[in-house]
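No letters, just coordinates:
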């Protein structure tokens with residue numbers, strides 16, 4: 001199927017250049033560049049610069065189905081759109097294309113912009129009510145407590161490949177660690193973790209089983225919420241249920257799903273890209289080995305150069321206005337060009353100049369809808385990479401850098417593989433569950449007298465197909481994902497799967513390690 005065929009499949013959309021495009025109030029349709037297809041997806045940075053040279057800070061573009069939108073390219077213009085909800089709302093129901101029936105039911109843009117009962121899609125007082133419940137819950141976790149989880153799961157993952165001397169750092173490390181940690185922070189039974197990893201990977205690949213994977217994620221959360229109402233704990237699910245904001249069941253589920261999947265996807269990309277920099281960028285390795293760059297500094301450099309999402313949909317104009325020299329009509333959709341804004345010559349005239357410690361990038365947004373879980377994502381990425389390089393100090397890329405491949409879509413791109421080699425080591429013994437210091441205790445073993453049996457929803461059979469270059473991801477910063485026609489996904493009767501109860505808590509076991517250059521550096525930095 002060609003890109004053009006994909007764009008029009010099942011969509012009653014007029015051809016490019018038709019005046020009907022502008023009749024909807026959006027950008028003019030004739031001669032506009034599409035955000036999908038070979039040109040846009042093969043070299044996103046070059047594509048953005050081409051648009052910047054032609055249109056300036058804000059460029060008219062076409063989405064799948066040739067739906068018109070404005071892509072915000074300038075750093076300042078992005079901040080304006082992010083920080084002024086009175087002019088640019090997060091409520092996608094304002095979109096003219098929605099109101100006038102031009103968005104096909106199977107449109108690839110629908111999963112990430114369809115309105116949901118979460119703080120990501122509302123403004124004003126309702127936004128404050130929902131947002132404070134999420135931020136209060138997330139702020140109860142501390143980095144030291146999270147590091148205990150990250151250490152435990154990192155060691156488990158490393159133990160699986162540590163004696164082989166070879167690893168794909170994407171599929172064997174980065175794609176597993178964030179979800180395993182997040183399930184513990186949410187308070188989900190540990191046996192859900194590996195299955196949720198597979199479901200999340202299937203979702204982001206946009207395969208034919210992605211809807212089933214989405215239903216599995218939702219059902220896993222629903223079952224845990226039911227349990228937590230009777231057996232509360234020190235976890236995000238309990239805190240959302242009990243918060244004074246009074247979230248409904250749908251609001252609790254949708255926020256949990258957004259937190260779980262958005263944190264997973266963004267942190268996978270952050271870990272992968274940072275490890276890629278560690279293994280390929282001679283400038284970075286020189287600074288790191290010389291003690292001039294800390295790992296947090298390196299993460300910020302990656303967030304400037306390779307943000308987890310290249311662009312973020314969206315904002316919708318509340319009335320006729322102007323931005324970046326363009327006349328924006330009420331109901332027009334704006335796409336926040338995070339990667340393009342980070343590379344704006346107005347703020348970065350020389351892209352090769354390091355930005356150590358500079359956190360003014362756009363990767364996590366700004367304003368009232370700034371990412372509430374950014375510190376958790378950073379903590380997982382930083383601790384996971386720290387532990388990996390400490391355990392495997394001679395880790396090296398096993399292919400040439402120009403052999404690395406990215407696959408993506410209109411919002412983000414993903415490093416498909418990061419093959420590496422190292423000196424084989426005796427397999428690390430995985431750590432047993434241990435209560436984390438501070439506010440992040442481990443999940444308790446649920447008593448056999450519980451009304452909820454120790455079973456998990458049946459996981460769907462997922463595809464191992466590669467990331468499609470032209471299909472939509474199921475994720476966005478708000479991560480609504482594939483939906484059934486109902487407002488809340490239909491509840492299905494899961495097939496029970498017997499699962500052994502979790503092991504009782506035990507102190508963490510970290511085998512002796514030979515200190516390499518990374519460990520020596522950390523020791524010096526920590527005094």
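Arrived safely, thanks for sending. As the structure is a prediction and not an experimental result, all values here were calculated from the model.

ok, so what distance separates residue 99 from residue 333?
From residue 99 across to residue 333, the span is 12 Å (CB to CB, to the nearest Å). To be clear about C-beta, it is placed using only N, CA and C from the backbone, and glycine gets the same treatment.

In terms of neighbours, single out the busier of those two.
Remark: of residue 99 and residue 333, residue 333 carries more neighbours, 27 against 13, as counted by other CB atoms under 10 Å.

List the backbone torsions phi and psi for the more buried one.
With angles defined as degrees, to the nearest 10, residue 333 sits at phi -100, psi 140.

Specify the beta-bridge partners of it.
Note on residue 333: beta-bridge partners residue 316, judged by DSSP bridges.

Tell me if I'm right that it and residue 315 touch.
Yes - using CB atoms under 8 Å, residue 333 is in contact with residue 315, at 7.4 Å.

Which helix runs longest in the chain?
helix 249-280 (DSSP state H).

And for residue 296, the neighbour number?
There are 14 residues near residue 296, going by other CB under 10 Å.

what sits against it?
Residue 296 is in contact with 357, 378, 382, counting by CB atoms under 8 Å, 6 or more residues apart in numbering.

and if we set it to 10 Å?
Residues near residue 296 by CB atoms under 10 Å, 6 or more residues apart in numbering: 356, 357, 359, 378, 381, 382.

which neighbours do residue 333 and residue 315 share?
Shared contacts of residue 333 and residue 315 (CB under 10 Å, 6+ apart): 70, 88, 92, 94.

Residue 221 - that's part of a helix, no?
Yes - counting by DSSP: H, G, I helix; E, B strand; the rest coil, residue 221 is part of a helix.

Grab the nearest non-local neighbour of it.
residue 256 (5.1 Å; CB to CB, 6 or more residues apart in numbering).

Equivalent analysis for residue 249, please.
residue 225 (7.2 Å).

what about the residue nearest to residue 354 when sequence neighbours are not counted, helix or strand, and which?
Distance criterion CB to CB, 6+ apart; nearest residue to residue 354, sequence neighbours excluded, is residue 301 at 6.4 Å. Applying DSSP states H and E as the criterion places residue 301 in helix 295-305.

ok, back up a step: got the buried residues for the host helix or strand of the residue nearest to residue 249?
Using DSSP H and E, residue 225 sits in helix 210-230. Of the residues in helix 210-230, 210-225, 227-228 count as buried by neighbour count, 16 or more other CB atoms under 10 Å.

contacting residues around the helix or strand that comes right after it?
For helix 210-230, the following helix or strand on the C-terminal side (DSSP H and E) is helix 236-242. The contact list for helix 236-242, computed with CB under 10 Å, 6+ apart, reads 130, 133-134, 136-141, 182, 185-188, 221, 224-225, 227-229, 231-233, 235, 247, 249, 251-253, 255-256, 259-260, 373, 376.

Of those, grab the buried ones for ChimeraX.
Burial among these is assessed by 16+ other CB under 10 Å; the matching ChimeraX selection reads:
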select :130,133,134,137,138,140,141,182,185,186,187,188,221,224,225,227,228,233,235,247,251,252,253,255,256,259,260,373,376
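
how near is the closest residue to residue 84 other than its chain neighbours to residue 79?
Spatial nearest neighbour of residue 84, chain neighbours left out: residue 367 (7.6 Å); criterion: CB to CB, 6+ apart. Distance from residue 367 to residue 79, counting by CB to CB: 8 Å.

So which of those two has more stuff around it?
Neighbours were counted for residue 367 and for residue 79 using other CB under 10 Å; residue 79 has more, 18 against 13.

Quick one: residues contacting that one.
By CB under 10 Å, 6+ apart, the contact list for residue 79 reads 72, 336, 341, 360, 362, 365, 366, 367.

So what does the second one look like in phi/psi?
Which is residue 336. The phi/psi pair for residue 336 (degrees, to the nearest 10) reads phi -80, psi 110.

confidence score at it?
Residue 336 carries a pLDDT value of 97.

Let me know how buried residue 325 is, in neighbour terms.
Neighbours of residue 325 under the rule other CB under 10 Å: 11.

Identify the residue nearest it in space, chain neighbours excluded?
residue 56 (5.5 Å).

Perfect, I'm done here.
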